[in-house]
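1. Quick check, what structure comes out for this input:
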Amino acid sequence: MSKEKIKILFVCMGNICRSPTAEGAFYSQMQKRGVQDLFEIDSAGTHAYHVAEQPDYRSQVAAHKYNVDLSTQRARQVHETDFYHYDYIFAMDGRNLIDLKDICPLEHLYKLSLILDNIPQNNGKGVPDPYFEGCFDDVFEMLNCASGFLLDWLVKKHKIY
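-> Numbering: from 1, shown residues only. Purely as a prediction, here's the structure:
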């Protein structure tokens, strides 16, 4: 009997910088621990600005420095069905969290949180948007760190050994 996968969605505004970086960093963390078959992960944006586009090349360059490949990802917009499908939905900042709460069915609000809330001492903090601020390396490092803490928490919570 196979156990159902833990389903995670990472969300930013356009799904070309922060959320694909989070998806790639989390996947890399899962691979290092050999638990990638226990999870289903994806990323999406609250807006449809970049649907079907690859992640921003600057995000890809930053991720590549850590041997993380984002090139196969394609941007998509969050859909109402995502709230029913995913077990956890992590927003990159407060604005994205508000946008998600505005469209999330009430019975699924408990699935929403900020990605950085998984790093001690970072509750309520958001990941800066590198699209305009240009801090792609910092964003990768921040999300890679958050992914490690998140995976630790999920392994413990779901008794994955």
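2. so where is the chain shaky, pLDDT-wise?
-> Low-confidence segments of the chain, defined by pLDDT under 70, span residues 1-2.
3. please redo it, this time with the cut-off set to 80
-> 1-3, 161 (pLDDT under 80).
4. Which strands or helices does the longest helix seen in it pack on?
-> Longest helix of the chain, by residue count under DSSP state H: helix 136-157. If you count contacts as 3 or more C-beta pairs under 8 Å, 6 or more residues apart in numbering; DSSP states H and E, helix 136-157 packs onto helix 18-33, helix 57-64, helix 130-133. Every residue, glycine included, has its C-beta placed from N, CA and C.
5. what's the angle from the first one to helix 136-157?
-> Spelled out, that is helix 18-33. Helix 18-33 and helix 136-157 are oriented at 50 degrees to each other (axes from the mean of the first three to the mean of the last three C-alpha atoms, to 10 degrees).
6. residues in contact with helix 18-33?
-> Applying C-beta atoms under 8 Å, 6 or more residues apart in numbering, the external contacts of helix 18-33 come out as 8, 10-12, 36, 38-39, 41-45, 55, 59, 62-63, 66-70, 73, 75, 90, 92-93, 115, 127, 129-130, 139-140, 143-144, 146-148, 150-151, 155.
7. cool, and the shortest one?
-> For helix 130-133, the external contacting residues (C-beta under 8 Å, 6+ apart) are 14, 16-18, 56, 58-59, 136, 138-139.
8. and if you look at the second one?
-> Contacts of helix 57-64 from elsewhere in the structure, counted by C-beta under 8 Å, 6+ apart, are 16-18, 20-21, 24-25, 54-55, 69-71, 130, 134, 136-137, 139-140.
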